[in-house]
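S.K.: what's the 3D shape of this:
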Amino acid sequence: MSVAFTLPGNVPVYSFSLLLGIGATLGLFWIARQSADFAHLDSVNAGLWGLVGALLGGRAAFVIYQWPYFQTNLIEIPQVWLGGLFWPGAVLGGLVAVAIFAAVNHIQFAPLVDNLIPLVIALSVSGWLACWLDGSAYGAQSTAWYALPAWDEWSMLNLRVPTQLLGALLTTGLYSLLQFLIPRLIDSGQAASITLLGLGLINYALTYLRVDPMLIWNGLRLDAWAGIGMATLGLVGLLGLWVRNRA
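M.R.: Numbers count the residues shown, from 1 in each chain. The predicted structure follows:
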């Protein structure tokens with residue numbers, strides 16, 4: 001992992017962790033500003049729960065994916081600062097944590113996750129940019145006009161298809177679409193479902209431009225299947241809300 005700077009005592013601050021931290025901070029500030037006064041505390045607390053769940057879920061998914069390595073390096077499993085998060089686990093862990101928070105505090109889940117959309121968008125954008133600096137999720141080498149310098153996991157800098165920048169821009173575009181749709185949506189949970197659907201499709205589509213190593217299953221990268229699963233979850237949420245309204 002690339003080091004952004006070093007704190008006193010020779011403590012490294014990694015670029016990936018720094019950008020994710022900035023994204024999380026901006027996302028929490030964003031939801032606090034957007035929420036109604038009475039919902040500030042609940043939304044921010046739910047966001048914190050979601051961040052912890054995402055960290056645990058993302059780390060757990062990465063450990064499972066890289067189990068042959070961690071099987072002989074068990075002491076590194078909790079050392080998240082060394083790097084190693086897998087976004088499908090982060091999404092699932094975050095959703096489960098927010099659901100638990102809602103149940104414990106007797107808060108409706110659907111409007112709560114709608115309030116957390118800014119945090120999800122901020123984390124997604126910062127995550128794509130962090131991958132750009134960290135040498136992951138990179139595209140194929142290219143000499144086209146749109147190619148940009150990007151690292152790979154071997155610390156080689158080459159002009160590549162800018163998949164990480166595309167991910168960040170498409171996520172920003174999704175949020176712009178949501179800003180147009182949200183005033184027109186009727187039910188709580190619709191905006192969150194559209195967010196899951198959109199982010200899943202973005203992640204799925206960009207796997208066709210990525211060349212970083214990834215396990216292949218039934219002809220598709222594992223992260224492509226994760227994108228399909230995320231989009232399906234969003235679609236199920238929309239269909240569930242539609243069926244409920246028709247009943």
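S.K.: what stretches of this protein score poorly on pLDDT?
M.R.: Applying pLDDT under 70 to the chain flags residues 1, 4-5, 35-40, 247.
S.K.: Now do the helices for it: every range, in order, please.
M.R.: 15-34, 40-65, 67-70, 87-104, 109-115, 117-134, 163-181, 190-206, 222-246 (DSSP state H).
S.K.: For P8, find the nearest of the ones you listed.
M.R.: Closest to P8 of these, according to CB to CB: helix 15-34, at 16.4 Å. Where you see a C-beta, it was placed from the backbone N, CA and C, and this is true even at glycine.
S.K.: Pull out the buried positions in the closest one.
M.R.: 15-20, 23-24, 26-28, 30-32 (16 or more other CB atoms under 10 Å).
S.K.: which among those gets closest to S136?
M.R.: F16 (8.2 Å).
S.K.: That closest one reaches W132, doesn't it?
M.R.: No: with contact defined as CB atoms under 8 Å, F16 does not reach W132; the gap is 9.9 Å.
S.K.: re the thing from before, could I get the buried residues of helix 15-34 as TSV with distance to L119?
M.R.: Output for the buried residues of helix 15-34, formatted as TSV (distance: CB to CB, whole Å):
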residue	distance to L119
S15	21
F16	18
S17	17
L18	17
L19	15
L20	12
G23	8
A24	7
L26	9
G27	3
L28	6
W30	7
I31	6
A32	10
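S.K.: just to revisit the earlier point, could you identify which of the helices of the chain is most buried?
M.R.: Comparing those by mean neighbour count (mean count of other CB atoms under 10 Å), helix 117-134 comes out on top with a mean of 23.
S.K.: so how far is D42 from the residue most central in space within the chain?
M.R.: Geometric centre of the chain, nearest residue: S124, 4.3 Å, by CA atoms, centre = their mean. Distance from S124 to D42, counting by CB to CB, to the nearest Å: 22 Å.
S.K.: try W49
M.R.: Distance, W49 to D42, using CB to CB: 10 Å.
S.K.: G200 too?
M.R.: From G200 over to D42 (counting by CB to CB), the distance is 26 Å.
S.K.: Between the two ends of stretch 132-139, what distance do you get?
M.R.: 10 Å (CA to CA, to the nearest Å).
S.K.: mind giving me JSON lines with the helices of the chain and columns for distance to T6?
M.R.: Shown next, in JSON lines, are those (distance: least, CB to CB, whole Å):
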{"stretch": "helix 15-34", "distance to T6": "12"}
{"stretch": "helix 40-65", "distance to T6": "23"}
{"stretch": "helix 67-70", "distance to T6": "26"}
{"stretch": "helix 87-104", "distance to T6": "27"}
{"stretch": "helix 109-115", "distance to T6": "37"}
{"stretch": "helix 117-134", "distance to T6": "16"}
{"stretch": "helix 163-181", "distance to T6": "25"}
{"stretch": "helix 190-206", "distance to T6": "33"}
{"stretch": "helix 222-246", "distance to T6": "32"}
